[in-house]
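A.B. asks: coords please:
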Amino acid sequence: MLALFSGTRSEPQSQELVDTRSAYFDYPRHLERARARAQCEAAERREVYHCAHLLTARRRVKENAAPLSALYVDGDGAKPGPETPSPTAIVESSPGREQYYWRLSHPVAPEVGEMLNRRLAYGMGADKSGWDLTQLLRPPGAHNHKYPDAPLVVLSEMTNEVHDPDELDRLLLPLPQEEPKEARRARGFARPESIGSSPDLSRLSRRMQDLVRHGNHGEYETRSDADFAACIAMFGAGYEASEVWAAMTDPTNGISEKFFEKGRDGERYLTLTIGKAKARAEVSPSRRKPSRSRARRIYKGAARA
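C.D. replies: Numbers count the residues shown, from 1 in each chain. Got it, this is the predicted structure:
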């Protein structure tokens, strides 16, 4: 299926589209019908878009994405550099802004095409949201009403260039490593300036009180799991970061064992552990007193991040 989408701007230069319409056409049997529909929508001064890839059903969702025969990127002002493969087609959506297509020698699975799109976009510094499945791009012949003069969308270049997706996979730069939000929050956590004495643990469950006071004795697979579980439980019970730090570094508490064992690295280890626990508690404030199995899963996920 070939999908079209259109709408009108609620007011000039507004980002909001109203009176939206979607239409689906069998491809390639009803290609001319789709072309006529796009021209009709454009004549009504509507914003006209097409889904950048074909669909397997009449709904524009990722689950319905058909294999990609071409890759695509919304340049949003960015241009392909010498390290970017030459695009097969370039559509100028407005002066100085282009949308790019790379014809493939054979179709690829939607998730493979999406990842190649993303690597192309990041490699050329293009729109970070203009590469995913179900992406809407502008067809040539319509007008871009985002601007007062409503410039015509034009096909500015079309070549016979064909790209082997396996070769592109080898040539394109890998994606930069992206830290999960929780890891970024943890990285920004610092040791409190004032710690004070170890807090009263009565707000914790009996099991967690025992864990803090006596340390891990087989309840958790590792002491790291136990430390993280204790921190999570304390934040869940409403303790401040300085209180958590005090409890975890009190030599009379068994939970401090790994902190002291690490010597000079103890502070870095605990800063990371408490920071991740605090970030997790902020993401899921309703989570309280995790079970041993849940805390173990939480820790492992955070550790991988």
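A.B. asks: What segments of the chain are strands?
C.D. replies: Here the chain has its strands, by DSSP state E, at 2-9, 17-25, 47-51, 68-74, 89-94, 97-108, 136-137, 154-158.
A.B. asks: Now render those as a markdown table, adding distance to Thr271.
C.D. replies: Where C-beta positions appear, they are placed from N, C-alpha and C, glycine not excepted. Below are these laid out as a markdown table (distance: least, CB to CB, whole Å):
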| stretch | distance to Thr271 |
| --- | --- |
| strand 2-9 | 49 |
| strand 17-25 | 47 |
| strand 47-51 | 47 |
| strand 68-74 | 40 |
| strand 89-94 | 47 |
| strand 97-108 | 44 |
| strand 136-137 | 44 |
| strand 154-158 | 53 |
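A.B. asks: Columns mean pLDDT on top of these, output as CSV?
C.D. replies: CSV is the format used below for the strands of the chain (pLDDT from 0 to 100):
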stretch, mean pLDDT
strand 2-9, 96
strand 17-25, 95
strand 47-51, 97
strand 68-74, 97
strand 89-94, 97
strand 97-108, 97
strand 136-137, 96
strand 154-158, 97
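A.B. asks: if you compare these, which one is most tucked away?
C.D. replies: Mean neighbours per residue, mean count of other CB atoms under 10 Å, is largest over these for strand 68-74, with a mean of 24.
A.B. asks: any idea how far Tyr220 lies from Phe228?
C.D. replies: 9 Å (CB to CB, to the nearest Å).
A.B. asks: nope, Asp74 is what I meant
C.D. replies: 41 Å.
A.B. asks: Tell me which of Tyr220 and Phe228 has more neighbours.
C.D. replies: For Tyr220 versus Phe228, neighbours defined as other CB atoms under 10 Å are more numerous around Phe228 (26 against 20).
A.B. asks: shouldn't the more buried one be in contact with Ala277?
C.D. replies: Yes. Between Phe228 and Ala277 there is a contact under CB atoms under 8 Å: 5.9 Å.
A.B. asks: how about the strands of the chain, which one is nearest Leu211?
C.D. replies: Leu211 lies closest to strand 97-108 among the strands of the chain, at 50.2 Å (CB to CB).
A.B. asks: could you check the angle strand 89-94 makes with the closest one?
C.D. replies: Orientation note: strand 97-108 sits at an angle of 150 degrees relative to strand 89-94 (axes from the mean of the first three to the mean of the last three CA atoms, to 10 degrees).
A.B. asks: I'd like the distance from the lengthiest helix in the chain to the chain centre, please.
C.D. replies: When the chain is parsed with DSSP state H, its longest helix is helix 266-283. Centroid separation for helix 266-283 versus its chain: 23 Å, with CA atoms, centre = their mean, to the nearest Å.
A.B. asks: Okay, now the unreliable bits of the stretch 201-305 of the chain?
C.D. replies: For the stretch 201-305 of the chain, the stretches flagged by pLDDT under 70 are 283-305.
A.B. asks: ok, now with 80
C.D. replies: Counting by pLDDT under 80, the ranges of the stretch 201-305 of the chain that qualify are 264-265, 281-305.
A.B. asks: Would you map the helices across it?
C.D. replies: Secondary structure of the stretch 201-305 of the chain (DSSP state H, counting those that start in this stretch): helices located at 206-214, 223-236, 241-249, 257-261, 266-283, 292-304.
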